[in-house]
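**Q** heads up, no residue letters with this:
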């Protein structure tokens, strides 16, 4: 059978002879292969360019997880970073040299470490940037992710003093800088006011959380004068106090008011009653740590730089929901301020609530709370303003009205006096942690 002119098989008469058609198909296949290889090379090059950060720290606590959230947030803004956590068993099995070998094998660009868990001097042999989440002390040879621990203790003391407490206790442990300095700030502020301070510290900070000796803690709690304001070094230790009080029928907050640190919502809310806690600026601290790490990797900074995580505010819950003032009239005034701070409120309004002269009321109030009536109202309003500022999207004008400030310019002046920042600056700085 004769082929028709123009068929594919007729190479002489076909405009696209068979050999050329095959070549065309081969070229198209080659292009696909080359394109795949090119994309693969770009991908592998991207992996090589991706910054690798080795995490040698425990992220089981709320504080540490918030630090990591901030670091990850910064990394995503800069492009993909690769994070690698050291397996928990690895250091136990292979020792400090194993950690070093792991970092070399993975070709880590930087390390974030908990100082209690690793030998920083050994890691310095890697000659890569290291940021330390300090534990036992600050290290002068590396950048420290630290905190205003003394300021946190002062905040706790002032919170309890304003509630009328005269007896104060601290529960922490030896061997950790953040526990030690929180105790120092708390104690210094209390003793400045001439009040009583009591201390209980665990001597073995490395023992398991579930293995603490609640019997010894109970004996100490029972020996304390009541009512007492107890500040714990963190929420985990505050929960220990709460559990011990419940086991031994010590009433919270009537006999013992409890305040922790880090606002770990899980720990705070499994307590009965729920624990009050100091909120710290951990997410923003992590973000700043990520930025610092990037600058160190790019050699924009040579010398170590410390990042200080600040306390923001106190999240009040049932464990501190009581005023420890002895005078019933002052208690009445405190409750009235709490219920009416958002309304126009003057000292004369408060005088009308109790059968006392203005002079006597002001004298008794100062003795019970450490503040004048005017100072206390301003403090209360500013604290409520801060809470709404960092936890809501409402306008500054609306927040001012909700917290008893009828003049926005006035609230800006008062706010700057208390925080050294304008409301706009404060919201910008701390909003990240409160999201």
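**A** Received the coordinates, thanks. These figures come from a predicted structure and were not determined experimentally. Numbers count the residues shown, from 1 in each chain.

**Q** going forward, measure contacts and count neighbours with C-alpha atoms only.
**A** Noted.

**Q** Residue 309 and residue 283 touch, don't they?
**A** No. Look at residue 309 against residue 283 with CA atoms under 8 Å: they stay out of range, at 9.0 Å.

**Q** Next one: residue 404 from residue 273, what distance?
**A** Per CA to CA, to the nearest Å, residue 404 is found 30 Å from residue 273.

**Q** So for residue 309 and residue 283, which sits in the more crowded spot?
**A** residue 283 (27 against 20; other CA atoms under 10 Å).

**Q** okay but the more buried one is in contact with residue 68, surely?
**A** Yes. With contacts counted by CA under 8 Å, residue 283 reaches residue 68, the gap being 7.4 Å.

**Q** neighbour count winner among residue 404 and residue 273?
**A** Just comparing residue 404 and residue 273: by other CA under 10 Å the higher neighbour count belongs to residue 404, 22 against 19.

**Q** Need the three-state assignment for that one.
**A** Under the three-state scheme (DSSP: H, G, I helix; E, B strand; the rest coil), residue 404 adopts coil.

**Q** Next: residue 290.
**A** Strictly by three-state DSSP, residue 290 counts as helix.

**Q** Helix or strand: which one has residue 158?
**A** Taking DSSP states H and E as the definition, residue 158 sits inside helix 149-162.

**Q** just residue 257 next, same as before
**A** Element membership for residue 257, per DSSP H and E: strand 256-261.

**Q** what sits up against that strand?
**A** 156, 226-238, 241-242, 250, 252, 275-280, 319-322 (CA atoms under 8 Å, 6 or more residues apart in numbering).

**Q** So what are the sheet partners of that strand and their directions?
**A** strand 228-232 (parallel), strand 276-280 (parallel) (DSSP bridges).

**Q** quick one: contacts for the residue nearest to residue 313 when sequence neighbours are not counted?
**A** Spatial nearest neighbour of residue 313, excluding adjacent residues (CA to CA, 6 or more residues apart in numbering): residue 279 at 5.4 Å. By CA under 8 Å, 6+ apart, the contact set of residue 279 is 261-263, 311-315.

**Q** could I get those as a markdown table with secondary structure?
**A** Listed next are the contacts of residue 279 as a markdown table, based on three-state DSSP:
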| residue | secondary structure |
| --- | --- |
| 261 | strand |
| 262 | coil |
| 263 | coil |
| 311 | strand |
| 312 | strand |
| 313 | strand |
| 314 | strand |
| 315 | strand |
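
**Q** Just name the closest of the residues you listed to residue 146, please.
**A** residue 311 (11.8 Å; CA to CA).

**Q** these two touch, right, the closest one and residue 277?
**A** No. Residue 311 is beyond contact range of residue 277, at 10.5 Å (criterion: CA under 8 Å).

**Q** out of those two, which sits in the busier spot?
**A** Remark: of residue 311 and residue 277, residue 277 carries more neighbours, 28 against 22, as counted by other CA under 10 Å.

**Q** Which residue, neighbours along the chain excluded, lies closest to that one?
**A** Nearest residue to residue 277 in three dimensions, chain neighbours excluded: residue 260, at 4.4 Å (CA to CA, 6+ apart).
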